[in-house]
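Asks: When you get a sec, could you give me coordinates for this:
(4 chains)
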2 protein chains.
Amino acid sequence: MPSKTHEQYALVAAWAKRCYLAGRTAMESLLRPYDLGATQWYVLHRLADGPTMQRDLVRLLQVERATLSAIVGSLVCKGLVEQVADRVDQRQKLLRLTPAGAKLWGELPDLTSIRLVAFKGIKQADLAVAIEVLRTATERLDDFTKKGTGA
Amino acid sequence: MPSKTHEQYALVAAWAKRCYLAGRTAMESLLRPYDLGATQWYVLHRLADGPTMQRDLVRLLQVERATLSAIVGSLVCKGLVEQVADRVDQRQKLLRLTPAGAKLWGELPDLTSIRLVAFKGIKQADLAVAIEVLRTATERLDDFTKKGTGA
DNA sequence: GACATTTTGTCTGCTGCCTAACATTATTGT
DNA sequence: ACAATAATGTTAGGCAGCAGACAAAATGTC
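Replies: I've put the predicted structure just below:
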C-alpha cells in the first residue's frame, strides 16, 4: 500500500506531464492555422531576435541535436528559415529568418499570453517553490539515468 | 522586455517539461533490456492488479483513446496482454495479463524507486505547493484550449 | 605532417502524444 | 420499431522527443 508521501510523488510527476502537454496543446491550437508546431514557434521566436547558430539553439531550447535538426529541417523546407554554413567553422550552421519567415512572424498571434492564462494570480513564492521542486527532481533524474547507463 | 514574473512563468513551464521527460527517460533506461516503453509499463502495472476495461485505463492513465489503442496493440502483439470483447457490451474490451505477461511482470525491476530518487527529502509542504501550481495551470490551459476551439 | 579526438549536424528507427475521421455497437427518443 | 445519438476502439497522419550510428570539419597530440 503506497504511503501518503509516495502518492504525492506520483502526483507531482503526473501533473508535470499533464501541464507540459496542456501547454503544448494550447500553443498548437493557436498555431494550427499557420501550420506550425510549438517547438517550431520557439525557433522562430529566437530567430526573430537575430540570426543564431544552430548549436546554440540546442542549449537555448533544451532539446537534443537530432530533434532540433528535424525541426529546423521542416522550417527550411517551408522556406521560413535559411541555414548556411559558417565561414570560419564549416561544421556550424547559422540560422536566419527568410523574408517569408519574417513576414509570417509578424502575422502570428501573441503566444506569450498563454503563460498568463496558466499562471496569472499565483503567488510568486509558490511559483518559486514549484520551480525549485521541479528543478531538483530533474537534476536527480538526469544523474540517475547517466549513472545507470554509465555503470 | 520580460518582467521578472513572466520569467518565472517561463521557468515553471520549462522545468515541467524537462522533469516529465527526465522521468520518462529514467524509466525507459531501466526498461530498455525488457523492450518496454514507459507507458507500456504503466499498463502492465495496472493489469497486474487485475483485469481492467480498456475504457477505464484511458481515465486512469490520462491518455487519449487513440494513444492507448496503439500501446495496447503493441503489448498484445508481444503476447503480454490479452484483449477480449466484453460479453454484455461488445464495444468494450477487457484487458488481462497473459501468463507470459505475468511472468515478465515478476521479473521487472522496481520502478517506483525512481520517484524516490527524484523527490526524496523534499518537504511535503513544498510538494503540495508544486502539485497545486501545476494542477491549477493545467486546468486553466485545458479550459483555454477548449474555449478557443469551441468558439 | 599524420593520426586520434571532439564537435556539429544528419539519418534511421523507436516511443508517445495528439487530432480527425471512421466503424461498430449500445442507448435513447419518438 | 426505427432513426438519431452516444460510447468505444481503430486507423491514418503529424509533432516532438530520444538513442545510436554515421559523416564532415576542426582541434589536439605526437
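
Asks: how close does the closest residue to residue A:64 other than its chain neighbours sit to residue A:39?
Replies: In this structure, residue A:64 finds its nearest non-sequential neighbour in residue A:58, 7.4 Å apart by C-beta to C-beta, 6 or more residues apart in numbering or on different chains. Heads up, the C-betas are built off the backbone N, CA and C, glycines and all. For residue A:58, the distance to residue A:39 equals 12 Å [C-beta to C-beta, to the nearest Å].

Asks: what about residue A:75, neighbour count?
Replies: By other C-beta atoms under 10 Å in any protein chain shown, the residues close to residue A:75 number 23.

Asks: To clarify, my last question referred to residue A:53.
Replies: Residue A:53, neighbours per other C-beta under 10 Å, totals 14.

Asks: For the closest residue to it other than its chain neighbours, give me its contacts.
Replies: Spatial nearest neighbour of residue A:53, chain neighbours left out: residue A:92 (5.4 Å); criterion: C-beta to C-beta, 6+ apart. Listed by C-beta atoms under 8 Å, 6 or more residues apart in numbering or on different chains, the contact set of residue A:92 reads A:53, A:54, A:55, A:85, A:86.

Asks: OK, contacts around the residue of chain A found nearest DNA strand D?
Replies: Closest residue of chain A to DNA strand D, C-beta to the nearest atom of the strand: residue A:37 (2.0 Å). Contact analysis of residue A:37 by C-beta under 8 Å, 6+ apart lists A:28, A:31, A:71.

Asks: Contact partners for the last one?
Replies: Put plainly, it is residue A:71. Contacts of residue A:71 (C-beta under 8 Å, 6+ apart): A:37, A:39, A:40, A:43, A:63.

Asks: roughly how far apart are it and residue A:54?
Replies: 10 Å.

Asks: do residue A:26 as well
Replies: 27 Å.

Asks: Of those two, which one has the most company?
Replies: The residue with more neighbours, out of residue A:26 and residue A:54, is residue A:26; 25 against 18, by other C-beta under 10 Å.
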